[in-house]
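**Q** Got a predicted structure here, sequence first:
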Amino acid sequence: MRITVGANLAYYDFMAKQIITNEFDHEWIPASGRVPRSMQKLTIVLHGRGDNLKSFRSTPGELRLPFMNYLLLNAP
């Protein structure tokens, strides 16, 4: 299974458990290993002008949603 972003700019390879892209900096924060993959969801986090993904690394801990995967993106 693949999650495709834009015109094949990036995809998440579930078997390799990594994001494949050359277009932008990113960080993948996986859901809890206790949650079955079929129950997991994805949140894509985009920052505002002048900010970066580092500001959002605390989001999973603040929201406490064990079923949620997070994809933090830096603007190109």
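**A** The structure has been received and is ready for your questions. Numbers count the residues shown, from 1 in each chain.
**Q** Got the confidence number for Gly50?
**A** Confidence at Gly50, expressed as pLDDT, is 85.
**Q** To clarify, my last question referred to Pro30.
**A** The score at Pro30 is 92. That number is its pLDDT.
**Q** what's the burial count for it?
**A** 12 (other CB atoms under 10 Å). C-betas here are computed from N, CA, C, even on glycine.
**Q** cool, and Phe56?
**A** By other CB under 10 Å, 19 other residues sit near Phe56.
**Q** What segments of this protein are strands?
**A** For the chain, the strands defined by DSSP state E occupy 2-5, 10-13, 18-21, 26-29, 41-46, 68-73.
**Q** Does Arg57 touch Val45 like I think?
**A** No - assessed by CB atoms under 8 Å, Arg57 is found out of contact with Val45, at 9.7 Å.
**Q** Would you mind telling me which of these two has the busier surroundings?
**A** Set side by side, Arg57 and Val45 show more neighbours around Val45, with 17 against 13, by other CB under 10 Å.
**Q** so Met39 sits right up against Met68, yeah?
**A** No - between Met39 and Met68 there is no contact under CB under 8 Å: 10.3 Å.
**Q** So for these two, which sits in the more crowded spot?
**A** Higher neighbour count among Met39 and Met68: Met68, with 18 against 9, using other CB under 10 Å.
**Q** Quick check: pLDDT value at the more buried one.
**A** 95.
**Q** From Ala75, how far off is it?
**A** With distances taken as CB to CB, to the nearest Å, Met68 is found 22 Å from Ala75.
**Q** next one: Gly33
**A** Counting by CB to CB - Gly33 and Ala75 are separated by 30 Å.
**Q** Tell me the pLDDT of Tyr11.
**A** Reported pLDDT for Tyr11: 59.
**Q** Quick one: low-confidence residue ranges for the chain.
**A** Scanning the chain for pLDDT under 70 picks out 1-23, 76.
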